[in-house]
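Asks: Requesting a structural model of the entry that follows:
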Amino acid sequence: MKMQALLSAVWGVGLLLVLCGARMGSARHNWHAPQTLYAFGDSFVDNGNIPRSPELGETSRQWFFPYGVSNDQGTTDEEKATGRFSDYLVQSDFIAKMMGLSQSPPPWQNTHGQTCGPTGMNFAFSTTGVFQISFWISLREQVDYFKTMIKSRKISKNHVTHSVALLASSGNDYKRFRFITNAWQVTDLAWNITTEIATNVERLQNLGVKKILVNNLHLLGCTPSFCRKHNYKACDEWANEATSKHNYFLEQKLGNKKGVLIVDMSSAFDHIIGHGNQDLAQGKQFKHIRKPCCESADHKGYCGQQDKNSNPLYSLCEDPRQYFFWDDANPTHAGWEAVMAQLQTPIKEFLGVA
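Replies: Numbers count the residues shown, from 1 in each chain. Model (predicted):
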């Protein structure tokens, strides 16, 4: 009996140690999970870096109706439109939610880099390219801003060490050079763009960022701006070929790099808008997979455009939840939900969050 009691006591102590160890391991796991996000890129992650303008225009439309129309946090059109290229949230917001934040950290534009809170900062500008293709800053310049804020101690090195960076390129460089038809030139373009992305990933790592999410490229040829000419029924093969080359080179350069996860936007989008995938569960969610909810009257126009008498030069759907795309390039809030639901598990595992 004494031996049995002793064995029971030892077993009990052992079980207690195992349970405590599991709890401590879980606590350590959560303790080291990143709680700070730094976002870089374009309209897929921009949450208001292009300044609000009193005048509606192509680069300021994200601050006007109908942008933000599904935003239930606002009551007026001005409150609903938050500078995001969607009817509500964008990719950076969904990544932030996975990390336990309420939404993407504030845009750099809010303070012009003078302060940065513990949740991080969003450096993305909607029309930016990996290279300098517009008036707004390039990916490299966004990382330059980040570096300057670290050096000036506006951003804590401790926050950087326990942070995650998100790099999102939605193909603006390819849209800028869509006139290129020679296959070798397209290959060279894809090589140069992915090399620049890889270079900036290395720069971020040298600045102390331990975990970096890098989007690969979704099916550009199946986005509204490319397939409108086919009445949204077929995709543009040139753009999809450029996508394929981009993703091949990106995988070569970053696929095995420690501390980097390539976010498979290509597969997630393909399951919804790709050739013949309308019968997949993800595609069935949407009545319209390529036609945008907000469609400009002219292919050279933009969502929200008005004539000189403030008459709309666009059409707006009744229910954005039935549409995967919001405008000619960006998903609706429901579209982003469908994409990020597919990517949530590998992202959370990489970040070490429950």
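
Asks: all contacts plus neighbour counts: C-alpha atoms, from now on.
Replies: Noted.

Asks: tell me the strands in this protein, going along the chain?
Replies: Ranges of strands in the chain, per DSSP state E, are 36-41, 120-122, 163-168, 211-215, 260-263, 294-296, 314-316.

Asks: what helices or strands is the fifth one leaning on?
Replies: For strand 260-263, the contact count by 3 or more Cα pairs under 8 Å, 6 or more residues apart in numbering; DSSP states H and E identifies strand 211-215, helix 237-254, helix 333-351 as packing neighbours.

Asks: how much distance is there from it to the middle of the chain?
Replies: When C-alpha coordinates are averaged (Cα atoms, centre = their mean, to the nearest Å), strand 260-263 and its chain have centres 12 Å apart.

Asks: Figure out which of the helices and strands packed on strand 260-263 is closest to residue 290.
Replies: helix 333-351 (11.0 Å; Cα to Cα).

Asks: Could you list the buried residues of the closest one?
Replies: Neighbour-count burial for helix 333-351 flags 333-340, 342-343, 347, 350-351 (criterion: 16 or more other Cα atoms under 10 Å).

Asks: Then stretch 115-123?
Replies: Residues of stretch 115-123 classed as buried by neighbour count (16+ other Cα under 10 Å): 116, 119, 120, 121, 122, 123.

Asks: What residues are bridge-paired with the third one?
Replies: On the basis of DSSP bridges, residue 120 takes part in beta bridges with residue 37.

Asks: Based on its surroundings, how many neighbours for residue 150?
Replies: Neighbours of residue 150 under the rule other Cα atoms under 10 Å: 17.

Asks: try residue 250
Replies: Using other Cα under 10 Å, residue 250 has 23 neighbouring residues.

Asks: Quick check: it vs residue 49, distance?
Replies: As judged by Cα to Cα, to the nearest Å, residue 250 and residue 49 stand 27 Å apart.

Asks: Over to residue 187?
Replies: 32 Å.

Asks: can you redo the buried residues of helix 333-351 as a markdown table with pLDDT and distance to residue 157?
Replies: Listed next are the buried residues of helix 333-351 as a markdown table, based on pLDDT from 0 to 100; distance: Cα to Cα, whole Å:
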| residue | pLDDT | distance to residue 157 |
| --- | --- | --- |
| 333 | 98 | 33 |
| 334 | 97 | 36 |
| 335 | 97 | 35 |
| 336 | 98 | 31 |
| 337 | 97 | 32 |
| 338 | 96 | 35 |
| 339 | 97 | 32 |
| 340 | 97 | 29 |
| 342 | 95 | 32 |
| 343 | 97 | 29 |
| 347 | 98 | 23 |
| 350 | 97 | 21 |
| 351 | 96 | 19 |
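
Asks: okay, and the helix or strand of this structure with the least pLDDT?
Replies: Each helix and strand of the chain was given a mean pLDDT (mean pLDDT, DSSP states H and E); the minimum falls on helix 2-32 at a mean of 42.

Asks: wait, isn't residue 73 in contact with residue 81?
Replies: No - here residue 73 lies out of contact with residue 81, judged by Cα atoms under 8 Å, at a distance of 10.3 Å.

Asks: So which of those two has more stuff around it?
Replies: Neighbours were counted for residue 73 and for residue 81 using other Cα under 10 Å; residue 81 has more, 25 against 10.

Asks: Make CSV from the buried residues of helix 333-351 and add distance to residue 77 to it.
Replies: Output for the buried residues of helix 333-351, formatted as CSV (distance: Cα to Cα, whole Å):
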residue, distance to residue 77
333, 17
334, 20
335, 21
336, 21
337, 23
338, 25
339, 27
340, 27
342, 31
343, 31
347, 33
350, 38
351, 36
